[in-house]
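> sequence and predicted model, in that order:
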Amino acid sequence: MKKKTTPPLLIQNGSLILPDRMVEGGAVLCERGRIKAVGKDLPVPENATVVDAKGGYISPGFIDIHVHGGGGADFMDGTVPAVRTVLAAHAQHGTTTIFPTTTTGASVQIMAMLNACREAARTWEPAHGSRIEGVHLYGPYFAADKVGCHSRRGRRDPSPDEYTRWFRDDLVRIATCAAELPGAEAFYQAARKKRCLITCGHSNSNWAEMQAAFKAGVRHVDHFWCAMSSVSSLRSRFGTPMQAGMEQFVLAMPEMSTEVIADGMHLAPELLEFAFRMKGVGRLCLVTDCNRAMDMPPGRYRFGSEDDGDFFESDGKVGFVPGQGLASSVVGLDHMVRTMKKSTSASLPDVVRMASLTPAERVGIAKNYGSLEDGKQADILVLNRRLEVKQTFISGVEVPRE
Ligand SMILES: [Zn+2]
Ligand SMILES: [Zn+2]
């Protein structure tokens, strides 16, 4: 019996966004969910499904390594339907691979989140939206003085009894812990055994603590300038002489990467430009750090679990806690790409690389994802000239527009 095969897919008549250059009037040919050829004047195979990019851009799908929710749901809701709601929402904004991100919460809540993501990944098909390639274990190991908008009750120091269960299989691919916490080093070593991207976030650590963390495997810092140590915050912790902290460490060490929330609300244009110039395209990722309020009307929402997460407000542009400060973003990666393009000197291939190939490299999945290259998964976006997502293809399957 002949096996049912999907016809080849040809996306043509667009400017290809490659990691290092643009190719005008290009096309991408996909077969069996993978990219077969990329370039100009590709032959149209018989029975191919042809997609016309209408003179827009043909971009690799975006990869988000720090994202909490969207479309009304938070991964910490801990159910498969909630996870699927977030995946569907972010695919509309161009995210084809996603790393669901935990926040502070009870051990059982984090376990429920991991179980829901594992099950959603096991039963996943492209029509569901963004593909889960692993979880970002982000909370609960934050420093008490840098918890930010996350629930303070759910914060604690790392304990092996707890995280050993979370590291049981290979679901966790990115692991965050504040470097100054007791037990941080053992946590980093456990994450290193699992070959995670190891990161320090929500931390008030000084240079010496960062050096020890680096030795234990830390190579990344979450959302640059947000909930991280600075010369002045370290002065409050240690007095004088003033000390260097995470900012100086990341800027001084070529091996260290970081990420920016480029929603235009968290960081002014000059900080986005500064981060790009200092770290370069291979060490800076665009992330959303998006919460459940994306694509939802302005109002009051819970950060983290629907049951007991702390409240924040969304005005449709950003999340915030009145009188306290920002509470992460409410927009997708497409918005971050547009803001970065508009606000910095980075070229379009550079900007898109920071939202695709660079995060893929940092997490160790670049062999299969992150750029328009032969043999990689056919995760492809058709964007118009304003960089708005018109079509999302995941493994060569078009995700239905909502
Ligand atoms: Zn954070
Ligand atoms: Zn976050």
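Good, I have the coordinates. Residues are numbered from 1 along each chain as shown. Ligands and ions are numbered 1, 2, ... in the order given.

> give me the number of residues near Glu255?
Per other Cβ atoms under 10 Å, the neighbour tally for Glu255 reads 10. In short, each C-beta sits where N, CA and C put it, glycine included.

> got the confidence number for the residue lying closest to it once chain neighbours are set aside?
In this structure, Glu255 finds its nearest non-sequential neighbour in Arg219, 5.9 Å apart by Cβ to Cβ, 6 or more residues apart in numbering. pLDDT recorded at Arg219 is 98.

> how near is Arg219 to Ile63?
Remark: distance between Arg219 and Ile63 (Cβ to Cβ, to the nearest Å) = 17 Å.

> these two: which is more packed in?
When Arg219 and Ile63 are compared for neighbours, Ile63 comes out ahead with 32 against 19, by other Cβ under 10 Å.

> pretty sure that one contacts Ala366?
No. Checked against Cβ atoms under 8 Å, the pair Ile63 and Ala366 is beyond contact range at 9.6 Å.

> pull up the overlap in contacts between those two.
Ala360 (Cβ atoms under 8 Å, 6 or more residues apart in numbering).

> average model confidence for whichever helix or strand Gln189 is part of?
Using DSSP states H and E, Gln189 sits within helix 184-193. For helix 184-193, mean pLDDT rounds to 98.

> now swap in stretch 29-36 and tell me
97.

> list the buried residues in stretch 382-392.
382-383, 387, 389, 391-392 (16 or more other Cβ atoms under 10 Å).

> what's the answer for stretch 354-372, then?
Across stretch 354-372, burial judged by 16+ other Cβ under 10 Å covers 354-363, 365-366, 369-372.

> return the subset of those lying in helices.
Secondary structure defined by DSSP state H assigns 354, 357-363 of those to helices.

> need the max-distance pair from those.
The most widely separated members of these, counting by Cβ to Cβ, are Met354 and Val363 (13.7 Å).

> anything in contact with each of these two?
By Cβ under 8 Å, 6+ apart, no residue touches both Met354 and Val363.

> where in the protein is pLDDT low?
1-4 (pLDDT under 70).

> how is it divided into domains?
According to automatic domain parsing, the chain comprises the domains 9-59+376-398, 62-363.

> tell me which of those is the most buried.
When the domains of the chain are scored by mean count of other Cβ atoms under 10 Å, the highest mean neighbour count falls to domain 62-363 (a mean of 21).

> how distant is it from the center of its chain?
Domain 62-363 sits 7 Å away from the centroid of its parent chain (Cα atoms, centre = their mean, to the nearest Å).

> next: stretch 32-49.
So, by Cα atoms, centre = their mean, the centroid of stretch 32-49 is 29 Å from its chain's centroid.

> do stretch 372-380 as well
With Cα atoms, centre = their mean as the basis, stretch 372-380 stands 19 Å off its chain's centre.

> for the stretch 301-402 of the chain, which segments count as helices?
333-343, 348-354, 357-363 (DSSP state H, counting those that start in this stretch).

> residues in contact with the longest helix seen in the chain?
Using DSSP H to define each element, the chain has its longest helix at helix 107-122. Helix 107-122 has contacts (Cβ under 8 Å, 6+ apart) with 75-80, 82-84, 87, 100, 102, 105, 128, 131-132, 135, 137, 139-140, 154, 162, 165-166, 169, 171-172, 304-305, 307.

> ok, for Leu197, nearest residue in space, not its chain neighbours?
In space, Leu197 is closest to Ile174, 4.7 Å off (Cβ to Cβ, 6+ apart).

> for Met22, give me its contacts.
15-16, 348-349.

> export those residues as CSV, with columns for distance to His223.
Below are the contacts of Met22 laid out as CSV (distance: Cβ to Cβ, whole Å):
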residue, distance to His223
Ser15, 31
Leu16, 30
Leu348, 23
Pro349, 24
